[in-house]
Structures are given as structure tokens and as C-alpha cells.
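Undergrad: pasting the sequence and the predicted coordinates here, then a few questions.
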Amino acid sequence: MTSHKDLYIGLMSGTSLDGVDAVLVRVEPALEIIATHFAPFPPALREQLLTLCAPGANEIERMGNADRALGECYAQACDALLNPANIAAEDIAAIGCHGQTVRHCPGAEGFSVQIGSADVLAARTGIAVVNNFRNRDMVLGGQGAPLVPMFHARAFGQAGQRRAVINIGGMANITLLHGHAVEGGHDTGPGNVLMDSWYSKHHAGTLDRNGNWAASGKVIGSLLATWLEDPYFHQPAPKSTGREHFNLRWLTQALAGDESAEDIQATLAELTAETIAREVNAFGADSAYVCGGGAHNSHLMTRLRQHLSPTPCDSTDALGLSPDWVEACAFAWLAHARLHGIHGNATRVTGASKPAVLGALYSP
């Protein structure tokens, strides 16, 4: 029988804008997934969120509407998670909700905006909500991202091992672990976001399943070289990025116009694989483990393994945690950390001046 208040819900909706990953987990004494649920975004809401990722007319009102609609979407995901598990809201300590990033602007006076109303979520579910995880780190001089390394250290660290944990969502980020200590990490650049955007421009659908389209093309060496000149790839860590920088406009401004669409897709996959592998290889990892949607892109995984060879590269399944649920589990853990006064930021990753307890708490 589950004891009172030892369970957390983690909610994650990332740059890929495909939907909500929801997990029900026991955090202590060891992480245990009790239930999972994926709720795809309704197409209209996805489009609403996508348009908010760039400046536009009347965006404050549009953001306010999307904020409430997304809060309802999160609440429905929680109901769909709990009901089949036959677990009551009062047995949940808190929901850790990352929210949907619509603007991420790191820098000296930087800020990050995630929407998905915590008031709606707490009111509908009757469960405390922790959100707004990024901005405390940012006012301490940090990037506010990546946020998952402290969880990666807890879940995947191994004494005496130098491990790289690679999250390939819309953007890609790495956590560099030596034993259970976080030695470094940052956003490496685009993960799936450019491949997804290019695929959607040429096909019905939102992603190149298994990377089949990319695999049908050939890498355009000159185009890859041009993209690799982008200053972000040469900027020292700490650093983080998003759709504000890597988007269709960024992609197309380097094109001559006579390239085949599938060759461009192949080159985008190579860009993701190469920019990740460069950083992992520089760290001298003993092994690498991939989570996020990119773990299911067999072509991308093949290219990544090629660039990492001879370092073995597998999905986090090999460590006992499905790549689909790692980030949502991380936000469940971050909610636990907020309630128990545990520092949630890895300062060697974000560049913040000191460790901090992250997140704002909303009572039910």
C-alpha cells in the first residue's frame, strides 16, 4: 500500500511541442515509476503555442489565453495518469510542472517564460504545484538551463565512471558526470527541432519517424560546414538556447536553393549528431546514454554512435529508465527538492553564483 505523501507527479512539455509527458513516481528511497501517460496537444493549442515562440501582435493576450488552456491540458493529463492507477489526489505530495517555454532569453538581465497556469492546475487537481524552476537560477547569474543535471546525477551516476547523459528533445543538452558529481553540461544546440520543422514543411506530420527521410538523403558537406560556423557552437559553456535562435529562418538563410529536401534533412541530422558528439568526446566519457524523443530516431542514433565511436552509446533504457520519461521524472524530483529544501541547480552547468532551491509553490 502506498504511504501518504510519498508520490509526485512530473509534467514535461518541451520544445518539440508534441504534447505532455506525465509520470507518477515515488522519489524516495529509490526512484520508482508508478504510472505514465502521454497527452498529445490538440492541434489548435499546438499552433497557439508555436506562434508564441516568436514575437507577434497581441501576444500578451494570446499568451494569457494559452496559459489557461494549457493549465487545463495539464490537469486533464494528471487525471488520466491517476485514475487508472486508482490513486487519490490527497496521496500526491506535489506536481512538478516545467510549463511550456515560450521565451528563453539568458544573459546579464535574462529571463525565461514558461506558461501553463499553476493556478488552474492546482485548482482542478487539488494538488500542490511547483513551477517556474528557471528564474531563480537566472537572477543568480545562471542560464536557467539545463535544469535536469542534478536529477541525472542522482539517477544515472556511477562511482568511478565518466558518463554523458544526452537529452535529445527539440534542443539537445548534455550532462557530464564523474561518479555522482556533475562536472559540466549545457545545451549543445538543436536536437529534433530543425529536423521536425523541415519535415513538417514538406510532409503531413510533425516528425521524421525513425529518421527514414534523413536516411534517404546525403549530407551536404558545404552546408554542414556553414551551419557549424554559427557562433553558438563556438561559445564556451555555460550556455543555453532555444527556438529563438534555431528555427526555420536560421535553417533557410544558409540554403542556396538547389539542394534536395531530403539532403537537407540528412544534413540536419548530421548537425545534431556532430554537435553533441564533439562535446561528449571532449569530456572523455566512458559511456553515453540518450534520452528524449531523439532516442527513437534510429538514423540519428546511428550517426551519433558513429561520431562517438569507440565510446559506447545506448538509450537510458540500459540504466533502467525509459528515455521517454526521464525529463518528466526530473521535474517530479525537482518538486520533491523544492519541498525538502534541496538545491536543484548544478552551478557548474548553469553558471549561477550559488546553488539554489528552485521553483514557486502553489497550494491546492
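TA: Structure received.
Undergrad: so which bits of the helix ranked longest in the chain are buried?
TA: Across the chain, the longest stretch assigned as helix under DSSP state H is helix 59-85. By neighbour count on 16 or more other CB atoms under 10 Å, the buried set for helix 59-85 is 62-63, 66-67, 69-71, 73-78, 81-82. C-beta: built from backbone N, CA, C; applies to glycine.
Undergrad: in the stretch 101-250 of the chain, what residue spans correspond to helices?
TA: Assigned by DSSP state H, counting those that start in this stretch, the helices in the stretch 101-250 of the chain fall at 118-125, 135-139, 149-156, 193-202, 212-215, 221-228, 231-234, 248-252.
Undergrad: adding mean neighbour count, distance to residue 273 and mean pLDDT, write the ones you listed out as CSV.
TA: Formatted as CSV, the helices of the stretch 101-250 of the chain follow (neighbours: other CB atoms under 10 Å; distance: least, CB to CB, whole Å; pLDDT from 0 to 100):
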stretch, mean neighbour count, distance to residue 273, mean pLDDT
helix 118-125, 20, 36, 98
helix 135-139, 21, 29, 97
helix 149-156, 23, 20, 97
helix 193-202, 21, 11, 96
helix 212-215, 20, 10, 98
helix 221-228, 15, 10, 98
helix 231-234, 12, 13, 98
helix 248-252, 15, 16, 96
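Undergrad: any chance of those in a markdown table, with distance to residue 89 too?
TA: Below are these laid out as a markdown table (distance: least, CB to CB, whole Å):
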| stretch | distance to residue 89 |
| --- | --- |
| helix 118-125 | 6 |
| helix 135-139 | 27 |
| helix 149-156 | 24 |
| helix 193-202 | 35 |
| helix 212-215 | 42 |
| helix 221-228 | 47 |
| helix 231-234 | 43 |
| helix 248-252 | 41 |
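Undergrad: which of the ones you listed sits closest to residue 293?
TA: helix 193-202 (9.0 Å; CB to CB).
Undergrad: helix/strand/coil for residue 23?
TA: strand (DSSP: H, G, I helix; E, B strand; the rest coil).
Undergrad: helix, strand or coil for the closest residue to it other than its chain neighbours?
TA: Of all residues not flanking residue 23 in the chain, residue 328 sits nearest, at 4.3 Å (CB to CB, 6 or more residues apart in numbering). Assigned by three-state DSSP, the conformation of residue 328 is helix.
Undergrad: got a list of what residue 328 touches?
TA: 10-12, 21-23, 36 (CB atoms under 8 Å, 6 or more residues apart in numbering).
Undergrad: so what touches the one helix or strand residue 35 maps to?
TA: Using DSSP states H and E, residue 35 falls within strand 32-40. Here strand 32-40 makes contact (CB under 8 Å, 6+ apart) with 2, 7, 18-26, 73, 76-77, 80-82, 84-85, 87, 321-322, 324-325, 328-329.
Undergrad: between the two ends of stretch 107-127, how far is it?
TA: The separation between the terminal residues of stretch 107-127, taken as CA to CA, to the nearest Å, is 34 Å.
Undergrad: just the strands in the stretch 151-300 of the chain please.
TA: 162-168, 171-178, 181-190, 287-291 (DSSP state E, counting those that start in this stretch).
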